[in-house]
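Visitor: Let's see this in three dimensions:
(one chain, ligands or ions: 2)
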Amino acid sequence: MELNGKIAVVTGAALGIGKAITEILLKNGAKVALLDVNETAGKSLKEALDKQYGQERTLFLNCNVESEEQIKAAFQKTADNFGGIDILCNNAGILNETTWEKTVSINLVGVIRGTYLALEHMSKLSGGRGGVIVNTASMAGLGPLLSCPVYTATKHGVIGFTRAMAAASTASGYGVRFNALCPGFVQTDLFTTIPSKLGQFSHLADATEKLAEKFGILTVSEVAESLLELVTDETKNGEAFLVFPQGKKYVTFPSFSS
Ligand SMILES: NC(=O)c1ccc[n+]([C@@H]2O[C@H](COP(=O)([O-])OP(=O)(O)OC[C@H]3O[C@@H](n4cnc5c(N)ncnc54)[C@H](O)[C@@H]3O)[C@@H](O)[C@H]2O)c1
Ligand SMILES: CCCCC[C@H](O)/C=C/C=C\C=C\C=C\[C@@H](O)[C@@H](O)CCCC(=O)O
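Guide: Ligands and ions are numbered 1, 2, ... in the order given. Sure, this is the predicted structure:
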């Protein structure tokens, strides 16, 4: 996919990985709607991006992915403002094993909600022009992270949902590709605030730290480069792209056909 003139929506765009995704999409010619609950950070980023790319290339919308109404309105404003939606990055996510229902609501339900509402704009079956949806999962979506079982469950769910939607899209003719981005540990606020978010598993913080030492820490720019590959390579559909400092690989899943 050539990004010049394409229209992208990024959730959780104000900080961390979402901010880096926004920046690399803009750098490659896309227009970007930034959706985030953090209005202060979102408006601040929009102000900085306006200086670098001009006011017309971005739109900041205060949007909580837990709200059907807010996502629906944000997608409509994006389509009205830019003329449609070609790319969706369902990136917003939290890690909190104490408020675990909220973790499920944002990380998994929010991804499902965003996907279904975006298809109303993107699917060729509903008058859209197709495109690509990339869901930010995690390495914890491929293997259990012992200190955060609910977070692990949400990321496993995101990968399963993404792969099933990719198959459904091919079979149905949506014209939309679906891929999961699975980073290892990444230096962001989510990562640095972990110790206070493990709840009943706080005693496993040291074990988690040892895992981070083993696997290394990615920069947000490294993650964004991998996102760009999933967006632009039109051969990629139904992929789980595992990214960590030592390298990156497309995950092979068990096949049940004899
Ligand atoms: N940091 C890591 O180690 C790591 C590794 C793999 C995957 N991830 C995933 O990457 C994604 C981004 O995480 P990050 O590390 O950049 O975190 P972050 O906390 O730095 O940024 C998350 C952004 O999402 C926003 N957000 C949170 N809840 C929201 C909601 N309900 N609606 C809209 N926006 C919301 C926040 O305001 C923030 O701007 C998450 O899905 C996370 O699970 C993170
Ligand atoms: C507590 C940190 C939260 C960061 C969340 C973010 O999504 C990052 C996750 C990064 C890595 C997850 C690794 C999971 C590893 C396990 O599946 C298992 O493979 C570990 C195997 C143990 C070993 O090889 O020594």
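
Visitor: Tell me if I am right that Leu61 is in a strand.
Guide: Yes: using DSSP: H, G, I helix; E, B strand; the rest coil, the secondary structure at Leu61 is a strand.

Visitor: okay, it: pLDDT?
Guide: For Leu61, the model assigns a pLDDT of 98.

Visitor: Without its sequence neighbours, what residue ends up closest to it?
Guide: Taking C-beta to C-beta, 6 or more residues apart in numbering as the measure, Leu61 lies nearest to Ala74, with 4.4 Å between them; neighbours along the chain are not counted. Every C-beta, even on glycine, is put in place using the N, C-alpha and C of the backbone.

Visitor: Please list all residues in contact with the one you found.
Guide: Residues in contact with Ala74, defined by C-beta atoms under 8 Å, 6 or more residues apart in numbering, are Val9, Ala33, Leu35, Leu61, Cys63.

Visitor: Show me what the strand or helix carrying the second one is packed up against.
Guide: Put plainly, it is Ala33. Using DSSP states H and E, Ala33 maps to strand 31-36. Strand 31-36 sits against strand 7-11, helix 16-27, helix 39-53, strand 58-62, helix 68-82, with contacts defined as 3 or more C-beta pairs under 8 Å, 6 or more residues apart in numbering; DSSP states H and E.

Visitor: where does it sit relative to the chain's centre, distance-wise?
Guide: Between the mean C-alpha location of strand 31-36 and the chain-wide mean there is a distance of 12 Å, by C-alpha atoms, centre = their mean, to the nearest Å.

Visitor: again with stretch 104-113
Guide: The chain centre lies 11 Å from the centre of stretch 104-113; the measure is C-alpha atoms, centre = their mean.

Visitor: Then stretch 109-124?
Guide: 13 Å.

Visitor: which ones among the contacts of Ala74 come in contact with ligand 1?
Guide: Applying C-beta under 6 Å from any ligand atom, the subset of those adjacent to ligand 1 comprises Cys63.

Visitor: From the contacts of Ala74, keep the buried residues only.
Guide: Neighbour counting with 16 or more other C-beta atoms under 10 Å marks Val9, Ala33, Leu35, Leu61, Cys63 as buried within the contacts of Ala74.
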